[in-house]
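Participant: A structural model of the following input is requested.
(one chain, ligands or ions: 1)
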Amino acid sequence: MRFVKGHGTENDFVILPDPDGVLDLAPEAVARLCDRRAGIGADGVLRVVRTKAAELDADAGADAEWFMDYRNADGSIAEMCGNGIRVFARYLVDAGLAAPGEWDVATRAGLRRVTLGASGDVSVDMGAPELLGYGEASLAGAAFQGRRVSVGNPHLACRVDGPVAALDLSRAPGFDPAVFPDGVNVEFFRSVGERHVEMRVFERGSGETRSCGTGTVAVAAAAAQGTPGASEWTVDVPGGRVTVTLDGRTSHLRGPAVLVAEGETRPGWI
Ligand SMILES: N[C@H](CCC[C@H](N)C(=O)O)C(=O)O
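Facilitator: Numbering: from 1, shown residues only. Below is the predicted model:
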């Protein structure tokens, strides 16, 4: 099986070109690919399939040639991946399967419009983040209050006072499954300047990652509560820096997308 390895602010992915949708990607296979010791190693898998070859609802990919089939490292399926879609778009242009410019990608959260040149950063219209009320997470017995935000996938954005580097994310944060029946990505963020935050994240299905694109949008939306009009936010994550723009109608995420390597898995390994 041919693969390409890429990352967006060190949130890394195994890209599986599958234009005709012939790969039957079982959760166990995804977990093996993502295993950082026995496999290739990644936070998730991006299967690249033409929408007409994907099992999508009739209208889901009507205006997009490509569907991003995103999987978390544990093999679970998630609705959307903000760093992943940047890497996905960069792969399509690099592989000559799409031209630089602006076009839609189909995802399980709906169409997402990407804008990219022949190289450099990628910008994505991430849709309107939905502030859904409040929730709580716990770390080592301490409770953290946060805003529940949907970016197509579920987030809990918890503001903290001290450096996020001081938090122990070696274990999953606790949360109420009655509030988050489908699980949740938990972000911890602190303001470090005007419209400038730092963040760490414990992702649903992948554990702590160096970055979470949908999470940066959730954090910017939570931090911007009450900020009138459009605002541009700088979000520092352990893996780098992204820019989130909120305009009251939708949100845009802009950041790097790097292709690192490509190869073939050994026959019979997966
Ligand atoms: N773990 C997330 C999906 C990946 C999100 C993250 N890698 C991003 O860049 O948005 C979830 O289960 O909703």
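
Participant: out of everything not next to it in sequence, what's closest to the residue positioned nearest the centre of the chain?
Facilitator: Nearest to the mean C-alpha position of the chain, by Cα atoms, centre = their mean, lies Cys81 at 2.8 Å. Excluding the flanking residues, the one nearest Cys81 by Cβ to Cβ, 6 or more residues apart in numbering is Tyr70, at 4.4 Å. Where C-beta positions appear, they are placed from N, C-alpha and C, glycine not excepted.

Participant: what's the neighbour count on that neighbour?
Facilitator: Residues contacting Tyr70 under the criterion other Cβ atoms under 10 Å number 23.

Participant: do the same with Leu131
Facilitator: Quick note: Leu131 (other Cβ under 10 Å) scores 16 neighbours.

Participant: related to what we said a few turns ago, from what I can see the residue nearest to the centre of the chain touches Thr216, true?
Facilitator: No: taking contacts as Cβ atoms under 8 Å, Cys81 lies outside contact range of Thr216: 11.9 Å.

Participant: List the residues that contact the residue nearest to Cys81.
Facilitator: Going by Cβ atoms under 8 Å, 6 or more residues apart in numbering, Tyr70 touches Gly44, Val45, Leu46, Arg47, Ile77, Ala78, Met80, Cys81, Gly84, Thr107, Arg108.

Participant: and what of Met80?
Facilitator: Tyr70, Thr107, Arg108, Ala109, Arg112, Met126, Val151, Gly152, Asn153, Thr214.

Participant: So what does the residue nearest to the centre of the chain look like in phi/psi?
Facilitator: The phi and psi torsions at Cys81 (degrees, to the nearest 10) take the values phi -150, psi 110.
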